[in-house]
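K.L.:
For reference, the sequence and a predicted model appear below.
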Amino acid sequence: MADDASTIAQDARTRAYATPLADFDVSDVELFTSDTHWPWFERLRAEDPVHYCANSKYGAYWSVTRFEDIVAVDSNHEAFSSDSDNGGILISDAKEPREGSSFIALDPPDHDAQRRVVSPMFSSAGIVALEPLIRERAARILDELPVGETFDFVDRVSVELTSQMLATLFDYPFEQRRNLPLISDMILEMPAPDSTPEQLMARQAAFWPMVQPFMELWNARKDAPPAGDLISLLSQDPATRKGDNPEHYFGNLILLTVAGSDTTRHSITGGLMAFQDYPEAYDRLRAEPALLDTAVPEIVRWQSPVAHMRRTATRDVELGGKTIRKGDRVVMWYVSGNRDETVIPDADRFIIDRERPRQHVAFGFGIHRCVGNRLAEMQLKIVWEEILARFRRIEVVGPPQRLRSNFVKGYEALPVRIVV
């Protein structure tokens with residue numbers, strides 16, 4: 001398995017450095033499903049860090065690949081808009097009426113008013129209150145794992161823990177919790193190139209029954225006494241209630257489903273992949289569990305679960321010596337910025353005791369920085385504390401199945417075995 005991965009990586013490097021920069025299109029989803037995007041971004045950072053791709057399936061776009069340029073774009077919402085009227089946050093155009101946008105696809109002041117509604121859920125007090133429940137659930141999940149047998153780590157650990165947490169945040173029917181990560185994957189995953197029309201129709205038909213409980217919960221809670229779950233908060237505040245039209249309020253429910261699932265879920269699995277390549281890091285953490293305070297943000301940086309965010313230029317702007325024109329699509333590749341060695345020392349190494357472990361852009365930057373980043377880190381810390389206390393090693397025994405997405409860098413399956 002290691003030899004095959006090495007050959008694939010070398011072939012990717014050869015192709016990346018043989019391809020003219022004018023022909024670079026790092027949005028190709030196959031680069032992410034094969035985990036071969038690294039040399040392409042490495043070359044862009046070195047030779048053309050603000051790169052114009054004239055032709056892609058999404059149309060023309062700029063790639064921003066260095067850490068400091070990403071921060072410059074992400075922190076300037078006046079020049080670089082997230083608004084759905086301008087195309088939204090994905091490299092693919094997602095123009096839709098602003099009334100139906102989630103707050104991540106809005107600019108101030110509407111963004112600020114809607115984000116403020118859910119912020120109490122992710123306050124320090126709110127997160128501390130959730131810690132005992134997260135630890136109890138993580139312990140139960142891990143204690144039920146088979147020892148000495150091959151199982152799917154994504155399904156048994158990453159998905160199970162995050163789906164339980166999401167169901168709690170929404171006060172969503174617990175027995176239907178597995179719908180929540182499925183909703184996220186169906187939204188983000190690109191259909192395979194050979195998908196038939198019948199398969200695409202079946203996929204669409206399967207989606208709506210899974211989101212129907214959201215409508216029922218919304219209608220039940222919008223006029224109920226105030227409560228602390230996310231659906232109650234959203235349905236009872238005028239900024240996010242949006243006139244009780246599902247087409248208007250559904251965007252925020254989907255945003256929080258995706259955001260609440262993906263960072264934690266894929267970073268849990270990404271951490272295990274990192275420890276497979278750096279087993280000495282796992283052994284050191286078993287001896288010094290306090291190092292998880294720095295190891296957790298390093299896992300998030302290393303995995304970079306959100307590969308990109310898109311903005312649209314609202315005026316002509318100079319960036320990295322290039323002129324970006326009003327209306328141009330600008331893609332911040334977080335996955336590249338988090339490997340920028342001009343800012344992050346030894347960025348291609350997994351280092352659990354980094355001096356500045358939170359020097360990364362995996363959570364974004366500026367007004368759109370992930371509202372639940374502290375909750376995500378706490379979940380990661382707890383699950384790894386519990387794993388380290390139980391298992392000498394969890395060994396990856398086969399290649400991962402990666403999500404078909406250039407937006408979320410994640411995993412669908414990973415075969416592993418607990419070593420006794």
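P.N.:
Thanks, I have it.
K.L.:
what about the strands in the protein?
P.N.:
Using DSSP state E, the strands of the chain run over 50-53, 61-64, 80-81, 150-152, 308-313, 317-319, 322-324, 329-333, 393-396, 401-402, 411-413, 415-419.
K.L.:
and of the ones you listed, who's closest to Glu175?
P.N.:
Distance to Glu175, taken as CB to CB, is lowest for strand 150-152 among the strands of the chain, at 20.7 Å. Any C-beta I mention is one placed from the backbone N, CA and C, and that applies to glycine too.
K.L.:
Check what contacts the closest one and list those residues.
P.N.:
145, 397-398, 413-417 (CB atoms under 8 Å, 6 or more residues apart in numbering).
K.L.:
Any idea how far that strand is from the middle of the chain?
P.N.:
Relative to its parent chain, strand 150-152 has a centroid offset of 24 Å by CA atoms, centre = their mean, to the nearest Å.
K.L.:
Partner strands of that strand and their direction?
P.N.:
strand 415-419 (antiparallel) (DSSP bridges).
K.L.:
I'd like the mean pLDDT over the strand it pairs with, please.
P.N.:
Across strand 415-419, pLDDT averages out at 97.
K.L.:
okay, that strand in CSV with CA atoms only?
P.N.:
Extracted in CSV, the C-alpha atoms of strand 415-419 (Å, rounded to 0.1, in the frame of the first residue of the first chain):
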residue,chain,number,x,y,z
PRO,A,415,-10.5,0.2,6.9
VAL,A,416,-8.6,-0.1,10.2
ARG,A,417,-7.8,-2.7,12.9
ILE,A,418,-7.1,-2.1,16.6
VAL,A,419,-3.8,-3.6,17.4
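K.L.:
Any buried residues in it, and which?
P.N.:
Neighbour counts using 16 or more other CB atoms under 10 Å place 415-418 of strand 415-419 among the buried residues.
K.L.:
do stretch 100-108 as well
P.N.:
Applying 16+ other CB under 10 Å to stretch 100-108 flags 100-107 as buried.
K.L.:
go on, stretch 324-331?
P.N.:
Result for stretch 324-331 [16+ other CB under 10 Å]: buried residues 324, 328-331.
K.L.:
Columns distance to Trp384 on top of the buried residues of strand 415-419, output as TSV?
P.N.:
Listed next are the buried residues of strand 415-419 as TSV, based on distance: CB to CB, whole Å:
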residue	distance to Trp384
Pro415	20
Val416	15
Arg417	18
Ile418	15
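K.L.:
which one among the residues you listed gets closest to Leu169?
P.N.:
Comparing the buried residues of strand 415-419 against Leu169 with CB to CB picks out Val416 as the nearest, at 27.3 Å.
K.L.:
wouldn't the closest one be in contact with Thr269 here?
P.N.:
No - using CB atoms under 8 Å as the test, Val416 is too far from Thr269 to be in contact (9.6 Å).
K.L.:
what is in contact with the two at once?
P.N.:
Common contacts of Val416 and Thr269 (CB under 8 Å, 6+ apart): Phe153.
K.L.:
do you know which of the strands of the chain lies nearest Asp353?
P.N.:
The closest of the strands of the chain to Asp353 is strand 393-396. By CB to CB, the value is 20.3 Å.
K.L.:
one step back: now distance to Leu255 too, for the buried residues of stretch 100-108, in a markdown table please.
P.N.:
As requested, the buried residues of stretch 100-108 are arranged in a markdown table below (distance: CB to CB, whole Å):
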| residue | distance to Leu255 |
| --- | --- |
| Gly100 | 11 |
| Ser101 | 9 |
| Ser102 | 4 |
| Phe103 | 7 |
| Ile104 | 6 |
| Ala105 | 8 |
| Leu106 | 11 |
| Asp107 | 15 |
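K.L.:
Closest one to Trp302 out of those residues, please.
P.N.:
Ile104 (23.5 Å).
K.L.:
tilt between the longest helix along the chain and strand 415-419?
P.N.:
Longest helix of the chain, by residue count under DSSP state H: helix 246-277. Here helix 246-277 runs at an angle of 50 degrees relative to strand 415-419 (axes from the mean of the first three to the mean of the last three CA atoms, to 10 degrees).
K.L.:
tell me the mean pLDDT over helix 246-277?
P.N.:
Taken as a whole, helix 246-277 has a mean pLDDT of 88.
K.L.:
Confidence-wise, which helix or strand of this protein is lowest on average?
P.N.:
helix 197-221 (a mean of 80; mean pLDDT, DSSP states H and E).
K.L.:
quick one: contacts of that helix?
P.N.:
Helix 197-221 has contacts (CB under 8 Å, 6+ apart) with 170-173, 176, 179, 182-183, 186, 191, 227, 229, 231-232, 234-236, 246, 249-250, 253.
K.L.:
Could you list which of those residues belong to helices?
P.N.:
If you go by DSSP H, these have 170, 179, 182-183, 186, 231-232, 234-236, 246, 249-250, 253 in helices.
K.L.:
Same list, these, but as CSV with neighbour count please.
P.N.:
CSV is the format used below for the ones in helices among the contacts of helix 197-221 (neighbours: other CB atoms under 10 Å):
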residue, neighbour count
Phe170, 22
Asn179, 22
Leu182, 16
Ile183, 20
Met186, 15
Ile231, 23
Ser232, 20
Leu234, 23
Ser235, 25
Gln236, 17
Pro246, 15
Tyr249, 23
Phe250, 17
Leu253, 23
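K.L.:
Going by neighbour count, which residues of stretch 81-89 are buried?
P.N.:
Across stretch 81-89, burial judged by 16+ other CB under 10 Å covers 81-84, 86-89.
K.L.:
from the residues you listed, which single one is nearest Arg241?
P.N.:
Among the buried residues of stretch 81-89, Ser84 lies closest to Arg241 (CB to CB), at 18.5 Å.
K.L.:
quick one: that closest one and Ile231, what's the gap?
P.N.:
Separation of Ser84 from Ile231 (CB to CB, to the nearest Å) stands at 22 Å.
K.L.:
got it, and Pro246?
P.N.:
In this view, Pro246 and Ile231 are 13 Å apart by CB to CB.
K.L.:
Over to Gln10?
P.N.:
49 Å.
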